[in-house]
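K.L.:
predicted structure and sequence below. I'll ask about it afterward.
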Amino acid sequence: MEAQKIKEYNVSRMSIEKNVISWEGHAVRLPGVVRIWVGDSPRRTFPISMVLILLMIALSGPGIVNKTVMLAVLGIYMGIHLRSGKKTDTQTGGKDHVYLELCSGMVCSFESGSESFAMEFYEVLKHHMEGDAGMAHCEIVFENGGEIINQTKQEEPEKASSVLELNVSGGLNGQIVQELKRLYGSYTKKTDTNSEVLLLINEAASLMEKNDRVGLKSVFEKFITLGLINDCNELGLDSLLQEIRATIY
């Protein structure tokens with residue numbers, strides 16, 4: 001891999017949302033990432049061209065003293081560069097960089113601060129590239145040892161239809177649903193109504209709409225247990241009463 005293709009970033013925060021990785025004024029679409037891996041810090045190439053220029057200046061200077069001074073400056077420059085490279089390698093002490101290779105051939109390198117957090121960062125990127133639906137939005141914080149903030153997308157539970165919202169017209173089922181609505185309405189007017197009763201009436205209407213005979217048998221048995229039959233008689237819900245008898249007996 002050519003060294004000039006590697007762009008090294010030292011960022012404090014990164015965001016991944018809707019297949020887009022963004023950090024400090026940059027953004028990359030995940031489909032544009034062809035490979036990711038964990039590795040060492042990118043090694044800085046020795047500036048040979050700069051050394052040659054300084055060497056030519058040193059040798060072309062007048063007098064032995066000037067040449068000696070220029071060669072000494074060149075030696076100090078080379079020493080500082082080599083020492084800086086060794087110091088960086090010692091401080092990183094492991095594979096603490098995560099690399100992203102783009103379709104263009106450019107490689108982005110991110111310093112994570114530690115080898116363990118580099119692996120965490122790598123796994124997060126991997127899950128997003130695999131299309132993990134449970135990771136809709138993610139924040140990667142590189143400061144203070146690193147932190148992954150995963151904001152999963154919470155799906156709202158499906159709201160059960162109320163018997164009053166059902167619209168079953170025509171036929172015996174439609175008549176029974178209408179009577180269940182009357183029964184439901186009578187219970188909503190009571191101050192001491194058990195919520196279980198309202199749920200049971202809702203369930204009966206839903207099963208009637210689906211014509212689920214097995215489910216209706218179980219629900220109508222609870223009608224008898226909770227005493228709803230008496231209310232059906234008082235309200236004159238004859239079709240509903242006949243359906244309960246036919247289903248249970």
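P.N.:
That came in fine, so what should we check first?

K.L.:
residue ranges for the strands of the protein, please.
P.N.:
Using DSSP state E, the strands of the chain run over residues 6-9, 13-17, 20-23, 26-29, 33-39, 97-102, 107-111, 137-141, 147-151.

K.L.:
how about the ones you listed in CSV, adding distance to residue 118, mean neighbour count and mean pLDDT?
P.N.:
Backbone N, C-alpha and C define where each C-beta goes, glycine included. Shown next, in CSV, are these (distance: least, CB to CB, whole Å; neighbours: other CB atoms under 10 Å; pLDDT from 0 to 100):
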stretch, distance to residue 118, mean neighbour count, mean pLDDT
strand 6-9, 13, 15, 86
strand 13-17, 13, 17, 91
strand 20-23, 16, 17, 92
strand 26-29, 18, 13, 91
strand 33-39, 5, 14, 91
strand 97-102, 5, 20, 91
strand 107-111, 9, 19, 91
strand 137-141, 11, 18, 88
strand 147-151, 12, 13, 80
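
K.L.:
domain map for this structure?
P.N.:
The chain is divided into the following domains under automatic domain parsing: 3-151, 163-248.

K.L.:
on that earlier part again, can you add distance to residue 233 and give the strands of the chain back as CSV?
P.N.:
What follows is the strands of the chain, written out as CSV (distance: least, CB to CB, whole Å):
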stretch, distance to residue 233
strand 6-9, 77
strand 13-17, 59
strand 20-23, 64
strand 26-29, 67
strand 33-39, 70
strand 97-102, 73
strand 107-111, 74
strand 137-141, 56
strand 147-151, 55
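
K.L.:
out of those strands, which is closest to residue 188?
P.N.:
Residue 188 lies closest to strand 147-151 among the strands of the chain, at 38.9 Å (CB to CB).

K.L.:
to what extent is residue 184 buried, counted in neighbours?
P.N.:
20 (other CB atoms under 10 Å).

K.L.:
closest to residue 182 out of the strands of the chain?
P.N.:
So among the strands of the chain, strand 147-151 is nearest, using CB to CB, at 46.3 Å.

K.L.:
could you check the angle strand 137-141 makes with the closest one?
P.N.:
Angle of strand 147-151 versus strand 137-141, following axes from the mean of the first three to the mean of the last three CA atoms, to 10 degrees, is 170 degrees.

K.L.:
ok so, going back, just name the most buried of the domains of the chain.
P.N.:
Mean neighbour count (mean count of other CB atoms under 10 Å) peaks for domain 163-248 among the domains of the chain, with a mean of 16.

K.L.:
got any ranges where this structure has weak pLDDT?
P.N.:
By pLDDT under 70, the weakly predicted segments of the chain are 1-4, 42-63, 65-67, 69-71, 73-74, 77-94, 132-136, 151-172, 191-193.

K.L.:
can you map out the helices along it?
P.N.:
Ranges of helices in the chain, per DSSP state H, are 48-60, 64-92, 115-129, 171-188, 195-210, 213-225, 228-235, 238-248.
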